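Colleague: okay, here's the prediction I keep looking at, along with the sequence it came from:
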Amino acid sequence: MKGRVLVVDDDTALAEMLGIVLRGEGFEPSFVADGDKALAAFREAKPDLVLLDLMLPGRDGIEVCRLIRAESGVPIVMLTAKSDTVDVVVGLESGADDYIVKPFKPKELVARIRARLRRSEEPAPEQLAIGDLVIDVAGHSVKRDGMSIALTPLEFDLLVALARKPWQVFTREVLLEQVWGYRHAADTRLVNVHVQRLRSKVEKDPERPEIVVTVRGVGYKAGPS
Amino acid sequence: MSGDSAASAPGQPGTRAERPVGRKTAGSRWGRLLDGGLLHGGVQGSPVIRLFMRWVRRPLLPVMRLWRRNIQLRIVVTTLLMSLGVVLLLGFVVIGQVRNGLLDAKVKASQSQATGGFTAAGQKADSAAIAAGNDSPDSDGDSVQNVGEWMSTTLGSLSSGGQGAFDVVTLSSSGAGDTRGFGPRASGGVEPTLSVPEALREKVDDGAGAAQSYTRIVYEASTGKASQPGLVIGKQVNDPYGNTYELYYLFPLTQEERSLSLVKGTLATAGLFVVVLLGAIAWLVVRQVVTPVRMAAGIAERLSAGRLQERMKVTGEDDIARLGEAFNKMAQNLQLKISQLEDLSRMQRRFVSDVSHELRTPLTTVRMAADVIHEARVDFDPVTARSAELLADQLDRFESLLADLLEISRFDAGAAALEAEPIDLREVVRRVVSGAEPLAERKGTQIRVVGDQQPVVAEADARRVERVLRNLVVNAVEHGEGKDVVVKLAAAGGAVAVAVRDYGVGLKPGEATRVFSRFWRADPARARTTGGTGLGLSIALEDARLHGGWLQAWGEPGGGSQFRLTLPRTADEPLRGSPIPLEPKDSRRNRGLSDAGLPLGGSSKLATVPAQASGDTSQVRAPIGLRPSGATPSADPTALPGSGARVVPRPTGGTRPPADEAEDAEETEDQPSQDGTEQHEQGEAFRGR
């Protein structure tokens, strides 16, 4: 398994400890402590996953997250000391795939990282259709009328999960399990925020979604093809 | 005593007795209806009349509403009505006096004129009779003709005295034929018979002397004159032959009537002006007072809506200006205090956030280090290995304590936000129960869910509700001593409720309120072994309060306890009652009631509660036995409040008929003393997490 992880954290003790744990689990961590240098370090290290602390000197984590997301779909997991809705939602909206609240257990962290990296395993060739979109699962591409739409891996996974069973309504909990890999019910805000982001990319009119349809009181389902 | 339960703050034990909502409000609604009916002139008659009154009243309702609400309208209308009354009274008095003044003079003049006329007519007859006597009447026909001529001449000479001032009419006396030439004659084109009223003729016929009356003088059509009011004075006089005829003087009163109507018109115009002007004055005067009051009311409303910078305009130094100044001062002080509190809250929130971050980062490092050490403990000597275990365990505890503390301070700072959406509580309960299964298995407890046949949907924050229920269920399992735990769901009216019942150690009297206190421990010696931060129920209470819901506890020593969470079905809707009675039906007291204090048989559920489980059972039974059979001691009213506190049997407690009691148990709707949350003041229990 590929395992290059970039740790962006200004707390040296925590960074070192993260390094110990990650190395123990077979990852190759690299470190950067400053928000301003994070992007350069990212380009240099080409990590498979970014662990990003939200509170950083220089550019803050939100800004760094946005910059990385602007040029790459690499999974980003936020480390945050705040579990308030606003902080979490702002983080997720800036492009993070998942978040983990301090203090966390090493096993929890590793499970999240693995869940985010797991999808990199080669999928079987598969063609899916949802609304007027054509999804090539193996080729990791989504096209509308031949025009390709850029999605992050997580958004892609979300779309594929919905498209595979267009007859099924997915509760947020089920999506958390299938897409994020949570075994127990976790924060459903993750789903809400990512559905919004996905819609902003694939819907013609995000106000009136046709691809990812909300089923009130239950969850989401794929729109009719 | 056997039991007790939750909740009011020690300082203000739910002083208001719990009341079943339905029944009582129905009564008071009747009362209100009656009051309203009487106030608004309701008729207590037959239904038909009442219906009719209602039908009449309905279109008037908006007007009555305006009347009740608008003091300016009320004052102006009252002023108008009262001044109208005064003006009318004044008008009648003045007109009466003017009329009397005008007529008195006219009548006197007319009377003397008429008297003169009558005398003249008498003299003419006498002189004619002397002349006729000399002439010796020879034939009847001749005399008749002579009388007719004489009458005409007399009429002419009598009326010639007052050209236009009066007219003269002669009529034959009743009974006398027309044949003798006494046919009606009149001067000035007057219609003789129509102008003289019958009543007056009768009076004159009696011959008592002169008589007078008011009348309308009617003129012959040929003259083209309109009839006019007049005074008529009549008398019986003799003609030259000694026969009587009636002589009437008619005095037109047109002039007087014209004067009178002029006075009336003037008075009416003046009166109208006065009334309208008074109304306008009242309107202006009231406006001066009402406008500032309305302005104050409007600004007070805006202030309370949060626009704290609103102020009244103050001009002058009068009372209104003083009101404005005082008002503005109040508003300013309020604004100051509120902004101080907001600052404080913001600082607190900031502080919590900072502490949170500052504590959590090193804690994360420690936690990870501890885990690494813990993983490697097999390689250590026993002392170090045990230390590593202790370190990891206590770090867990430290973490949950920190998390709870931060959560509580978030509530204290008012930073907790509700993210309500419609959720099915059955889902939440299912998740909570499955999450608690491992613990339940360890304890040998079975968790049963009751009332989950239909959806129980409410607008609520799933995360918080789940936290509350997890807390309650875990508590019930931990304190249930291996007996069943029953989770009951119900929905009714505008509320949904989840009750968690256990049959464990229960609560001692007074503990039901204290379980919600922060860091409160039921049994300090025992508590340490079960872990928990001591903040669980406090947080649960805050969560319930954030929803506008209630969290209440009931329990009896040795008989178990029940915790009930009640949430409004839609957010922001005030709770009026709970679908589940706080005291479960299988409480000892309720069973004691039904079985006359005998240890119950009953269902398997009941059987899980050993009646003699704890030593205090006899203590419990005694008061039940002592009770008079007719009246059952019920919950102590002062302990019943929404606060949920309910002290079970109390020999001296208020009594209630059993029927009432049963109903209570069936559909209890606990009315909280205030807004349903107040009463849980300072709850926080140790039995947490």
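Modeller: Thanks, I have it.

Colleague: please name the nearest non-neighbouring residue to A:Val191.
Modeller: Take A:Val191 and drop its neighbours on the chain: the residue closest to it by CB to CB, 6 or more residues apart in numbering or on different chains is A:Arg172, 4.3 Å away. Placement of C-beta: from N, CA and C, glycine included.

Colleague: from memory the one you found sits against A:His194, does it?
Modeller: No - contact criterion CB atoms under 8 Å: A:Arg172 and A:His194 do not qualify, at 10.4 Å.

Colleague: more neighbours: these two, which one.
Modeller: The neighbour count for A:Arg172 versus A:His194, taken as other CB atoms under 10 Å in any protein chain shown, is higher for A:His194 (23 against 20).

Colleague: so what's that one up against?
Modeller: Counting by CB atoms under 8 Å, 6 or more residues apart in numbering or on different chains, A:His194 makes contact with A:92, A:97, A:154-155, A:158.

Colleague: where does residue 205 land on pLDDT?
Modeller: Assuming you mean chain A. pLDDT for A:Asp205: 83.

Colleague: that answer is for a different chain, and I need it for chain B
Modeller: pLDDT recorded at B:Asp205 is 78.

Colleague: I figured it hits B:Gln236, correct?
Modeller: Yes - if you go by CB under 8 Å, B:Asp205 and B:Gln236 touch, sitting 7.0 Å apart.

Colleague: what is in contact with the two at once?
Modeller: Residues touching both B:Asp205 and B:Gln236 by CB under 8 Å, 6+ apart: B:173, B:246.

Colleague: output the contacting helices and strands for the helix or strand encompassing B:Arg349.
Modeller: Per DSSP states H and E, B:Arg349 falls inside helix B:319-375. Packing contacts for helix B:319-375, counted by 3 or more CB pairs under 8 Å, 6 or more residues apart in numbering or on different chains; DSSP states H and E, involve helix A:12-24, helix A:106-118, helix B:254-304, helix B:382-412.

Colleague: between that helix and helix B:254-304, how big is the angle?
Modeller: Angle of helix B:319-375 versus helix B:254-304, following axes from the mean of the first three to the mean of the last three CA atoms, to 10 degrees, is 20 degrees.

Colleague: what does A:Val7 show for phi and psi?
Modeller: Here is the backbone geometry of A:Val7 (degrees, to the nearest 10): phi -100, psi 120.

Colleague: what's across from it in the sheet?
Modeller: With DSSP bridges as the criterion, A:Val7 is bridged to A:Phe31, A:Leu51.

Colleague: which residues are in contact with it?
Modeller: A:Val7 makes contact with A:15, A:18-19, A:22, A:29-32, A:51, according to CB under 8 Å, 6+ apart.

Colleague: please apply the same query to B:Arg430.
Modeller: B:449, B:452.

Colleague: what about the helix holding B:Arg349, average pLDDT?
Modeller: 85.

Colleague: now the angle between helix B:382-412 and that helix, please.
Modeller: Going by the same axes, to 10 degrees, helix B:319-375 makes 160 degrees with helix B:382-412.

Colleague: from the stretch 101-250 of chain B, which residue is nearest to chain A?
Modeller: At 85.6 Å from chain A, B:Ala226 is the closest residue in the stretch 101-250 of chain B, using CB to the nearest CB.

Colleague: quick check: the closest residue to that residue other than its chain neighbours vs A:Phe170, distance?
Modeller: Distance criterion CB to CB, 6+ apart; nearest residue to B:Ala226, sequence neighbours excluded, is B:Tyr219 at 7.5 Å. As judged by CB to CB, to the nearest Å, B:Tyr219 and A:Phe170 stand 107 Å apart.

Colleague: per-residue pLDDT of the most centrally placed residue in chain A, please?
Modeller: Central residue of chain A (CA atoms, centre = their mean): A:Asp97, 2.1 Å from the mean position. The score at A:Asp97 is 86. That number is its pLDDT.

Colleague: who's in contact with it?
Modeller: A:75-77, A:116, A:152-154, A:194.

Colleague: quick revisit: present the helices and strands packed on helix B:319-375 as a markdown table; the columns should include mean pLDDT and distance to B:Leu507.
Modeller: Formatted as a markdown table, the helices and strands packed on helix B:319-375 follow (pLDDT from 0 to 100; distance: least, CB to CB, whole Å):
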| stretch | mean pLDDT | distance to B:Leu507 |
| --- | --- | --- |
| helix A:12-24 | 91 | 44 |
| helix A:106-118 | 85 | 36 |
| helix B:254-304 | 88 | 40 |
| helix B:382-412 | 86 | 22 |
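
Colleague: so which of those helices is nearest B:Leu551?
Modeller: helix B:382-412 (13.2 Å; CB to CB).

Colleague: what helices and strands are in contact with that closest one?
Modeller: So helix B:382-412, by 3+ CB pairs under 8 Å, 6+ apart, packs with helix B:319-375, helix B:536-546.

Colleague: and it with helix B:536-546, angle?
Modeller: Helix B:382-412 runs at 20 degrees relative to helix B:536-546, counting by the same axes, to 10 degrees.

Colleague: so which bits of helix B:382-412 are buried?
Modeller: Residues of helix B:382-412 classed as buried: B:385, B:388, B:391-392, B:395, B:398-411 (neighbour count, 16 or more other CB atoms under 10 Å in any protein chain shown).

Colleague: residue numbers of chain A in contact with chain B?
Modeller: A:11, A:13-14, A:17-18, A:20-21, A:24, A:55, A:79, A:81-82, A:84-85, A:102-107, A:184-185, A:187-188, A:216-217 (CB under 8 Å from any CB of the partner chain).

Colleague: again, only this time at 6 Å
Modeller: A:11, A:13-14, A:17, A:21, A:81, A:102-103, A:106, A:217 (CB under 6 Å from any CB of the partner chain).

Colleague: pull out the buried residues from those.
Modeller: Among the residues of chain A next to chain B, those classed as buried by 16+ other CB under 10 Å are A:11, A:14, A:17, A:21, A:81, A:102-103, A:106.
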